[in-house]
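**Q** when you get a sec, could you give me coordinates for this:
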Amino acid sequence: MYMWMFQMVVCVYSTFIIWMGSECPRGPESWCFYQKALAEGKEPAPHREKLGTALNKTVAEKLVPVYKRMTDPNLLQRLAHGKTQNANECLNGLIWVHCPKTVFVGKLRVHSAVGEAISKFNQGAIHLAQVMDKLSIEATEVTMHGLAKVDSDRMKKSDKHCDEKLMASRKTKKLRRKLKLAQTEAIEGMTYGAGEF
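**A** Model (predicted):
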């Protein structure tokens, strides 16, 4: 996976004159149009026709370090479990809970919401005990129990969401809804269409 990701930038950097397709994976399943065509016994289409304009050498030199960071084995290992699709989306969701996009707020409120969301994302709800301590507010046993319960409930919900049986069940329910909708449409015919009625 590491090599394939890095080879993509090399493939796009290539031009029709300077072909670097030898770096790409071979075979009919390859993502590289050149290697795929060779494996299927066809004449590969010109590079410019398939990819348009090749990357400028200066741009490619700037992209290579970015790709090296993106293909770092430590980073890929953290993503291998596949439990979160996009951490940024999750953090954004936490920010918008505290500071909705639909309501205008000042800069201070946005900074406060971002700080709270980052703390909650990194440490969970228990981070509020540290905030209370900094403000010289004593966190009671009830408060600590409530914060721990919020984190516990969140983890249970996350585990439940990732459970393979439940994922299969959700997929089956979704498929049933689609089939039922298709059957209803087949019986009733088209009930709505843009500009139809």
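
**Q** when you work out contacts or count neighbours from here on, use the C-alpha atoms and nothing else.
**A** OK.

**Q** so where's this protein shaky on pLDDT?
**A** For the chain, applying pLDDT under 70 flags the ranges 1-24, 47-48, 50-55, 75-88, 196-197.

**Q** now the helices: where do they sit in it?
**A** Counting by DSSP state H, the chain has these helices, from start to end: 2-13, 33-39, 47-51, 57-70, 73-79, 87-98, 107-123, 127-134, 141-162, 164-188.

**Q** looking at those helices, which one is packed in the most?
**A** Across the helices of the chain, averaging neighbours per residue (mean count of other C-alpha atoms under 10 Å) puts helix 33-39 on top, at a mean of 19.

**Q** who does it touch, helix- and strand-wise?
**A** Of the remaining helices and strands, none touches helix 33-39 by 3 or more C-alpha pairs under 8 Å, 6 or more residues apart in numbering; DSSP states H and E.

**Q** any idea how far stretch 140-149 is from the chain center?
**A** Distance of stretch 140-149 from the chain centroid (C-alpha atoms, centre = their mean, to the nearest Å) equals 33 Å.

**Q** scratch that, stretch 188-197
**A** Distance, centroid of stretch 188-197 to centroid of chain: 36 Å (C-alpha atoms, centre = their mean).

**Q** thinking again about what came up before, okay if I get the helices of the chain as CSV plus distance to Ala194?
**A** Supplementary listing: the helices of the chain in CSV, determined by distance: least, C-alpha to C-alpha, whole Å:
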stretch, distance to Ala194
helix 2-13, 41
helix 33-39, 38
helix 47-51, 35
helix 57-70, 44
helix 73-79, 42
helix 87-98, 33
helix 107-123, 40
helix 127-134, 51
helix 141-162, 37
helix 164-188, 16
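
**Q** so for Arg26, which of the ones you listed sits nearest?
**A** helix 33-39 (5.3 Å; C-alpha to C-alpha).

**Q** chain center to that closest one, what's the gap?
**A** 29 Å.
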